[in-house]
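Colleague: Need coordinates for the below:
(chains A and B)
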Amino acid sequence: MLSTEDITVTLGRRQILHGVDFRAEAGQVTCIVGPNGSGKTTLMRAITGEVPFRGRVRLDGDDTAAMAPELMAERRAVLPQTLPMAFPFTVLEVVRLGLIGRAALSAEAAALPHRALEQVGLSGYAGRLFQELSGGEQQRAHFARVLVQVWRPVVEGRPRWLLLDEPVAALDIGHQLQVMRIARDFAAQGGGVIAVMHDLNLTAMTADRVCLMHEGRVLAQGRPETVFTDATLGHAYGCALRVSTPPPDGGVFVLPQAAA
Amino acid sequence: MVSLPFILTAGAEGDRSRRAARAVVLLALALAVVSALSLRVGASGVSPLAVLGDWLTGGEISTRDRVILLDIRLPRLLTGILVGAALAVSGAVLQGLFRNPLADPGIVGVSAGASLGAVMAIVLGGFLPATYASWAGMQMVPLAAFIGSWASTLILYRVATRAGRTSVATMLLAGIALGALSGAATGVMVYLADDTQLRDLTFWGMGSLAGASWTKLAAAAPVMIAGLAAAPWLARALNALALGEAAAMHLGIRVQRMKSLAILSVAASVGAAVAISGGIGFIGIVVPHLLRLAVGPDHRFLLPMSALLGAALLLLADMVSRVIVAPAELPIGIVTALAGGPVFLWILLRKRGLVDI
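Modeller: Got it, this is the predicted structure:
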């Protein structure tokens, strides 16, 4: 389980997060959603240790503030939003940066990057220069790098975690579904996935659990069908939204309503 | 160590490590050849091979030949190798640290800081009682230069980097400002210097290996070797840093510790190199740039290859400087600037669309 206890983040004079208690279980996909400026990405950055915070983040019982970076890197991988690349690395060289610790020493080390590239649909791209890829292709190459880093969802009975900050932001619908399917598979094999998302319908399709943020606080947390209601979403996003349950799979669907 | 079958087989697509391993071997051979040539070339016609032959067959070796080879050319060769390696590797490390191919110790004011330290040691050392003065001259110059370049690098990094991101424009402009400040302070020192010191300083400022001696090498070599020795620990971290500081941290790198080590390594290498050979420019930018074009930016290969190519190029430049106006000598800094300046402009033109300057 990954949980935060009373997380407060203040940047400059502005308080971005007000005592957030967030919880995600291994074996599930947990999505953090909310309007712009609601604190989703800041919550993710507190979890990954990129911003200073008050409170506590626990990764399967261990306080992350007390964990060494190399141990953290063995237990969770982070996919950030945008990453400018400084030097002309090939796609394969970028994906290989994920080969650290155990993965680098394993017998599969040479095959792992190629397998990850195939998973994200970039198998023919190993020799291309990373800087020459499109935004969406770069995003997927980084996803492959992150997959290499936590290549086994469970190690010695302990789950590993994928922390994804808007993993589908630059992707077309086909690749959006592909990335979310990989995330689902990772969770199905016992790993934990936390993703910051914008697309409510993709979230409803993928997530086992949703955390809806609003003005630096958790507005609602739980299964998508309990969190996604006309009233809660309308309050969070400040616009008229209707949630319906279309057949056949029984999932929820969020439909924007034209202003009256 | 890389094994022979590893070097000879072709790598997977996108994997340049085998090509890099081959290039390391080639560069090592090239350095050996250039080193041998460097022992051969000089105002006097002494041939190291002939002397070696005489020595092996028990023949007589003249004192003159012995002095020229062992006390002039050999320390000069070793100084050239160390200085070339130190300048090229510190260029590559600085570029990795700033995530920018334009960072060069000469351009961003690190060498100027080292010069200030060295000049202060030379001039202020002259005010010490004679017993301490010679000691200060030998031992203090590399150390003072190290402190000067360390302070410059630290200030430069603090000014140019905010929240883990380096602005190219700020880095280059801060480098100009730091260079100007160090230059002004160096000017004050030059004003205080006596006539002998003045002549030393002028010649030294243009960069030269001509003054190389075993004593100077003994003082500077440990500092340079310490700086170079940090490189293997930096390589993987600099690769991860290419993704930015946060991503490097997520890959398990202790970013803060790594940055401090990189800055110390650059300061030690540049400081001692400047102390012993003066202002030799452009090695630090040209060498890593050429190598990135040839084998890619992986620092595990880039750093050792920079050491080899930097050493070989500096020895070549030194030979040119010895031969071109023989029996006189052109300061080597002039040779590297003449060759390196245009290459720097060419890099700028190539990067114009990619890097915001």
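
Colleague: C-alpha from now on. contacts and neighbour counts both.
Modeller: Will do.

Colleague: Residue of the stretch 151-300 of chain B closest to chain A, please.
Modeller: For the stretch 151-300 of chain B, the residue positioned closest to chain A under C-alpha to the nearest C-alpha is B:Gly252, at a distance of 3.9 Å.

Colleague: I'd like to know how many residues surround that residue.
Modeller: Other residues within reach of B:Gly252, judged by other C-alpha atoms under 10 Å in any protein chain shown, total 22.

Colleague: Now for the residue lying closest to it once chain neighbours are set aside: which residues touch it?
Modeller: Leaving aside its sequence neighbours, B:Gly252 sits nearest to A:Glu70 (C-alpha to C-alpha, 6 or more residues apart in numbering or on different chains; 3.9 Å). Neighbour list for A:Glu70: A:101, B:251-254 [criterion: C-alpha atoms under 8 Å, 6 or more residues apart in numbering or on different chains].

Colleague: A:Glu70 should be in a helix, yeah?
Modeller: Yes: with the criterion set as DSSP: H, G, I helix; E, B strand; the rest coil, the secondary structure at A:Glu70 is a helix.

Colleague: May I ask which helix or strand encompasses the residue in the stretch 1-150 of chain B that chain A sits nearest to?
Modeller: Nearest residue of the stretch 1-150 of chain B to chain A (C-alpha to the nearest C-alpha) works out as B:Gly14 at 3.4 Å. Secondary structure assignment for B:Gly14, by DSSP states H and E: no helix or strand.

Colleague: and it, what pLDDT?
Modeller: Looking at B:Gly14, its pLDDT stands at 79.

Colleague: Please apply the same query to B:Phe6.
Modeller: Model confidence at B:Phe6, given as pLDDT, is 48.

Colleague: and A:Leu117, what is it in contact with?
Modeller: Applying C-alpha under 8 Å, 6+ apart, one finds that A:Leu117 lies in contact with A:95, A:123, A:125-126, A:141, A:144.

Colleague: interface residues of chain A facing chain B?
Modeller: Taking C-alpha under 8 Å from any C-alpha of the partner chain as the criterion, the neighbours of chain B within chain A are A:48, A:50, A:69-74, A:77-78, A:80, A:83-93, A:97-98, A:100, A:126-128, A:149.

Colleague: sorry, back to before: I'd like to know which of the contacts of A:Leu117 is nearest to chain B.
Modeller: Each of those was checked against chain B using C-alpha to the nearest C-alpha; the closest is A:Ala126, at 5.1 Å.

Colleague: Surely the closest one and A:Leu92 touch.
Modeller: Yes: A:Ala126 is in contact with A:Leu92 according to C-alpha atoms under 8 Å; the separation is 4.6 Å.

Colleague: Between the two, point out the one with more neighbours.
Modeller: Applying other C-alpha under 10 Å to A:Ala126 and A:Leu92 shows that A:Leu92 carries more neighbours, namely 26 against 23.

Colleague: wait, isn't the more buried one in contact with B:Ala12?
Modeller: No: between A:Leu92 and B:Ala12 there is no contact, the gap being 9.2 Å when judged by C-alpha under 8 Å.

Colleague: Look up the pLDDT of A:Ser244 for me, please.
Modeller: Among the per-residue scores, A:Ser244 holds a pLDDT of 82.

Colleague: Contacts for stretch B:117-126 next, please.
Modeller: Taking contacts as C-alpha under 8 Å, 6+ apart, the residues outside stretch B:117-126 that touch it are B:132-133, B:136-137, B:140-142, B:144-149, B:186, B:189-190, B:192-193, B:197, B:201, B:274-275.

Colleague: quick one, what contacts the residue at minimal distance from the centre of chain B?
Modeller: For chain B, the residue sitting closest to the mean C-alpha position, by C-alpha atoms, centre = their mean, is B:Leu87 at 1.5 Å. By C-alpha under 8 Å, 6+ apart, the contact set of B:Leu87 is B:105, B:269-270, B:273, B:283-284, B:310.

Colleague: still on that earlier bit, tell me which of the contacts of stretch B:117-126 fall in helices.
Modeller: Judged by DSSP state H, helices contain the following of the contacts of stretch B:117-126: B:132-133, B:141-142, B:144-149, B:186, B:189-190, B:192, B:197, B:201, B:274-275.

Colleague: Make a PyMOL selection of the buried ones in those.
Modeller: Filtering the ones in helices among the contacts of stretch B:117-126 down to the buried ones (16 or more other C-alpha atoms under 10 Å in any protein chain shown) takes a single PyMOL command:
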select buried, chain B and resi 133+141+142+144+145+146+147+148+149+186+189+190+201+274+275
